[in-house]
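Asker: Build the 3D model from these lines:
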Amino acid sequence: MLQRLRSRARGNEPTSCGESPASQQVCFETVGCHWLVGSWSNCSEGCGLGTRSREIRCSGGPQEFCSAARPADRQSCDAD
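Answerer: From the prediction side, this is the model:
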């Protein structure tokens with residue numbers, strides 16, 4: 001996630017009560033955000049069917065910043 005300051009000239013936008021708008025505001029660039037995918041854990045069962053999991057995080061912070069489909073974090077496994 002990139003954090004940038006966006007500037008604008010004061011007085012370009014009228015406001016109520018004669019207040020001037022802020023000259024800078026913080027905005028976040030989320031275009032380059034992607035999913036960070038961890039390794040699969042061992043199967044939950046030593047014999048037969050079980051499940052395994054992995055950590056999934058968005059590189060930009062909150063999941064909403066990653067626009068691509070979220071990869072699976074759980075799946076079935078067969079320990080045989």
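Asker: And the contacts of stretch 60-80?
Answerer: When contacts are defined by Cβ atoms under 8 Å, 6 or more residues apart in numbering, stretch 60-80 is touched by residues 1, 28, 30, 32-35, 37, 40, 43-56, 58-59. In short, each C-beta sits where N, CA and C put it, glycine included.
Asker: hang on, Gln75 in a strand?
Answerer: Yes: under DSSP: H, G, I helix; E, B strand; the rest coil, Gln75 sits within a strand.
Asker: what are the bridge partners for it, then?
Answerer: Taking DSSP bridges as the rule, Gln75 bridges to Arg52.
Asker: and it, how many neighbours?
Answerer: Neighbourhood size, Gln75 [other Cβ atoms under 10 Å]: 11.
Asker: same check, this time on Glu64
Answerer: For Glu64, the neighbour count with other Cβ under 10 Å is 10.
Asker: What does the pLDDT read for it?
Answerer: pLDDT recorded at Glu64 is 86.
Asker: hang on, it is in a helix, isn't it?
Answerer: Yes: using three-state DSSP, the assignment for Glu64 is a helix.
Asker: Glu50 is in what secondary structure piece?
Answerer: Not Glu; residue 50 is Gly. In this assignment (DSSP states H and E), Gly50 forms part of strand 49-53.
Asker: helices or strands next to that strand in the packing?
Answerer: Applying 3 or more Cβ pairs under 8 Å, 6 or more residues apart in numbering; DSSP states H and E, we find strand 49-53 packed against strand 74-78.
Asker: follow-up on the earlier one: out of the contacts of stretch 60-80, which are buried?
Answerer: The neighbour count (16 or more other Cβ atoms under 10 Å) marks 30, 33, 43, 52, 56, 58 as buried among the contacts of stretch 60-80.
Asker: Looking at these, which are in strands?
Answerer: Residues of the buried ones among the contacts of stretch 60-80 located in strands (DSSP state E): 52, 56, 58.
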